[in-house]
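Asks: Sequence plus predicted model, see below.
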Amino acid sequence: MPKLPRFLVTSALALVLSLPVQAQETGNSGAYLAARVAASEADYRAAADWYGRALAEDPANPDLLEGAVLSNLSLGRMALAGDAAQALAAQGRIGQVSYLALVDAAARKGDYEAILNLSQAGAKAGTLLEALVTAWAHLGAGRMSEATDGFDALAKTKGLEAFGLYHKALALASAGDFGGADDILSGRAAGPIGVMRRGVIAHAQILSQLERNADAVALLDRSFGNDSDPQIDDLRRRLQAGEPIAFDVVRNATDGLAEVFFTLSTALNGEADDGYTLLYTRVAVDLRPDLTEAVLLTAGLLEQLGQHDLATEAYAAVPPDSPVFHVAEMGRAEAAWNAGRREAAVEILTGLARSNPTLLPVRAALADTLRRAERFAEARTAYDEALALVATPAPEHWALYYSRGICAERLGDFAGAEADMRRALELNPDQPQVLNYLGYSFVDRGVNLEEALEMIQRAVAGQPDSGYIIDSLAWAYFRLGRYGEAVEPMEKASLLEPVDPVVTDHLGDVYWKVGRTREAEFQWHRALSFGPTEADATRIRKKLEQGLDAVMAAEEAAKPQAAATNDN
């Protein structure tokens, strides 16, 4: 489906984010203030708890009730959100957030007339949402003509045509009119419309109901190609076997309403505030718990909001027999990692890889997590296992070679690292990360300096605003003895990465070499304040005591001795 027009997103955000600056006088202003602080930090559990305490003192306060609706809806406590929304409705206050909670509560009861009455009661939820909800409520109330009229009216609204057509197709299919649904989704009725993954699956099911399994397979092939996807692979296999596929994307009006909220949440995702989009996914999941796409989107939004424990709970709601269970487990592992439970993340992915040995994304996720945990030997083996699943490396596989090369470099196998990095560049010749990493590793070891400089210059051209890559360029000039040329890019890198200890340390070195010793010492002091590694901190202190030239001379003098020691 297309993205929502910007004016709709803006107006929606204005409504949902406009909680009053001051509540009316309550008997527990401290609880109210604590609730607002928690809500501003997306700490929905704390916000809901504090609003509940404040409401115990002042149960009719509309500001507190609105906050309770918002926090409980965000948390997925739909019954509590609905109760607070009902209290607001009794006061004649049905704002956009309350509307969501009231629609959810009525739909769970199958009370479609109550949904239709919301608009008559003065609820203002926006043209698109109200139109879709009203049309599906008419269908639920047994008035198919009014439902299709509503979808048709939306399909004639500039910028919203695809929403009306898509939902009309689903409504027709839910009523058994698969021919009419196919006319819309195929583009014969009103021209082509863009649909999401779920829309393609719906169309494939509709074609199967029309005894056109071959056309359904062709549709899947066009839409998804040959990439491994358990859900699509299973659907394709069943279609090819001649099995009639039931239409279950939308089975009834309540499913249709769930689809409305999921459709709009996907359109809002990335366009609106994550906290606002979360409200839509919560309703979608509550109305249809097996809508795993909405569950995954809910969890992803919670991750982006920094609510890792809530995200973990959401991912865990996907059952093991779901075709997207592996996606949920990968998300759960990421949430565990971000919450600081790194060993748990590795354990989740290790178990998942054991039960899904041929799924490349799972193998790659395990390898990436081991690398992030600095378990480089294990990660390298995991990348070997992932690459063994790649029959013919394609451009998109560059990252596997690049990541395995990082592990090799960290393990001291520079030849292996170079081989993997060069293979990555064969697949993606101008990839800035690879060019920078390989070029910088050459510079750091003092080998292939001219080639390293050329690589890093290409990386800068690809990502001209990356402080780390520009730092590599300046450092290449430094190692080549071209100190004057190093100043400008190193200063730019420092501006882009103002608190990075390595970049700041490098800036000090460059200043020293061009005779700006006082500025060099200042930068080294700054680098120490940014938390460098202990080895880097020790070297910086030596430079402050002895000067860069003396430190470099001592390091150079130690090289033959180290080499002789290694030879023995």
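Replies: Nice, thanks for sending it over.

Asks: what's the residue lying closest to Q433 once chain neighbours are set aside in contact with, if anything?
Replies: Closest residue in space to Q433, ignoring its immediate chain neighbours: Y402 at 6.6 Å, by CB to CB, 6 or more residues apart in numbering. Using the backbone N, CA and C atoms, a C-beta is placed for each residue, glycine as well. Shown in contact with Y402 (CB atoms under 8 Å, 6 or more residues apart in numbering): 420-421, 424, 431, 433-434, 437.

Asks: Okay, and the closest residue to T281 other than its chain neighbours sits in which element?
Replies: The shortest distance from T281 to any non-neighbouring residue, by CB to CB, 6+ apart, is to T298 (4.2 Å). For T298, the host element (DSSP states H and E) is helix 292-304.

Asks: chain center to that helix: distance?
Replies: Distance of helix 292-304 from its chain centroid, counting by CA atoms, centre = their mean, to the nearest Å, is 9 Å.

Asks: what does that helix contact?
Replies: Contacts with helix 292-304, where a contact means CB under 8 Å, 6+ apart, come from 76, 197-198, 258, 261-262, 265-266, 269, 274-275, 277-278, 281-282, 284-285, 288-289, 308, 310-312, 314-315, 317-318, 322, 324, 327-328, 331-332, 334-335, 338.

Asks: Which ones among the residues you listed map onto helices?
Replies: With helices defined by DSSP state H, the entries of the contacts of helix 292-304 inside them are 197-198, 258, 261-262, 265-266, 274-275, 277-278, 281-282, 284-285, 308, 310-312, 314-315, 327-328, 331-332, 334-335, 338.

Asks: which of the residues you listed are buried?
Replies: 198, 258, 261-262, 265-266, 274-275, 277-278, 281-282, 284-285, 308, 310-312, 314-315, 327-328, 331-332, 334-335 (16 or more other CB atoms under 10 Å).

Asks: now that we're looking at the residue nearest to T281, how far away is P289 from it?
Replies: Applying CB to CB, to the nearest Å, the value for T298 to P289 is 11 Å.

Asks: Surely I193 touches K168?
Replies: No - contact criterion CB atoms under 8 Å: I193 and K168 do not qualify, at 10.4 Å.

Asks: joint contacts of the two?
Replies: Common neighbours of I193 and K168 are listed as I184 (criterion: CB under 8 Å, 6+ apart).

Asks: Do a quick rundown of the strands in this protein.
Replies: For the chain, no strands are identified by DSSP state E.

Asks: where does it dip in pLDDT?
Replies: For the chain, applying pLDDT under 70 flags the ranges 1-28, 121-125, 560-568.

Asks: Would you map out the domains in it?
Replies: As assigned by automatic domain parsing, the chain contains the domains 1-175+254-288, 177-246, 498-568.

Asks: what distance separates the longest one from the centre of its chain?
Replies: To tie it back to what came earlier, the one meant is domain 1-175+254-288. Distance, centroid of domain 1-175+254-288 to centroid of chain: 23 Å (CA atoms, centre = their mean).

Asks: one step back: just give me the neighbour total for the residue nearest to T281.
Replies: Residues within reach of T298, counting by other CB atoms under 10 Å, total 26.

Asks: Distance check, it against L264.
Replies: 14 Å.

Asks: Now do the phi/psi pair for G159.
Replies: Per-residue torsions, G159: phi 90, psi -10 (degrees, to the nearest 10).

Asks: again with E271
Replies: phi -110, psi -40.

Asks: Tell me how far it lies from T277.
Replies: 8 Å.

Asks: Please tell me I have it right and E497 contacts V503.
Replies: Yes - assessed by CB under 8 Å, E497 is found in contact with V503 at 4.6 Å.

Asks: Just give me the neighbour total for the nearest residue to D471 once chain neighbours are set aside.
Replies: Among residues not flanking D471 along the chain, A493 sits closest, at 3.9 Å (CB to CB, 6+ apart). Per other CB under 10 Å, the neighbour tally for A493 reads 27.

Asks: and if you look at the one 5 residues further on?
Replies: Other residues lying near P498 total 12 when counted by other CB under 10 Å.

Asks: let's have the chain start at 8 instead
Replies: Taking 8 as the first residue, the last one we looked at is P505.

Asks: Now do the closest residue to V521 other than its chain neighbours against A483, distance only.
Replies: Excluding the flanking residues, the one nearest V521 by CB to CB, 6+ apart is Y490, at 5.2 Å. Distance, Y490 to A483, using CB to CB: 12 Å.

Asks: do the same with S47
Replies: Distance of S47 to A483, given as CB to CB: 45 Å.

Asks: same deal with A67?
Replies: Using CB to CB, we find A67 at a distance of 69 Å from A483.

Asks: Those two - which one has more neighbours?
Replies: Neighbour count, other CB under 10 Å: between A67 and A483, A483 has more, with 26 against 12.

Asks: which ones are touching that one?
Replies: 446-447, 450, 456, 459-460, 463.

Asks: So which of those is the closest to E552?
Replies: For the contacts of A483, the closest approach to E552 (CB to CB) belongs to V450, at 26.0 Å.

Asks: Thought A481 was touching that closest one, still the case?
Replies: No - taking contacts as CB under 8 Å, V450 lies outside contact range of A481: 10.1 Å.

Asks: Tell me the one among the contacts of Y409 nearest to L109.
Replies: Within the contacts of Y409, proximity to L109 (CB to CB) peaks at Q440, which comes in at 48.8 Å.

Asks: Just give me the neighbour total for the closest one.
Replies: For Q440, the tally of surrounding residues (other CB under 10 Å) stands at 20.

Asks: A401 and D437: what is the separation?
Replies: A401 sits 16 Å away from D437, taking CB to CB as the criterion.

Asks: re the thing from before, between V450 and A481, which is the more surrounded one?
Replies: A481 (27 against 23).

Asks: Tell me who's in contact with Q530.
Replies: The neighbours of Q530, taking CB under 8 Å, 6+ apart as the test, are 501, 511-512, 514-515, 518.

Asks: And the contacts of stretch 87-98?
Replies: By CB under 8 Å, 6+ apart, the residues outside stretch 87-98 that reach it are 55, 62, 66-67, 69, 72-73, 75-76, 79-80, 101-102, 104-106, 108-109, 111-112, 128.
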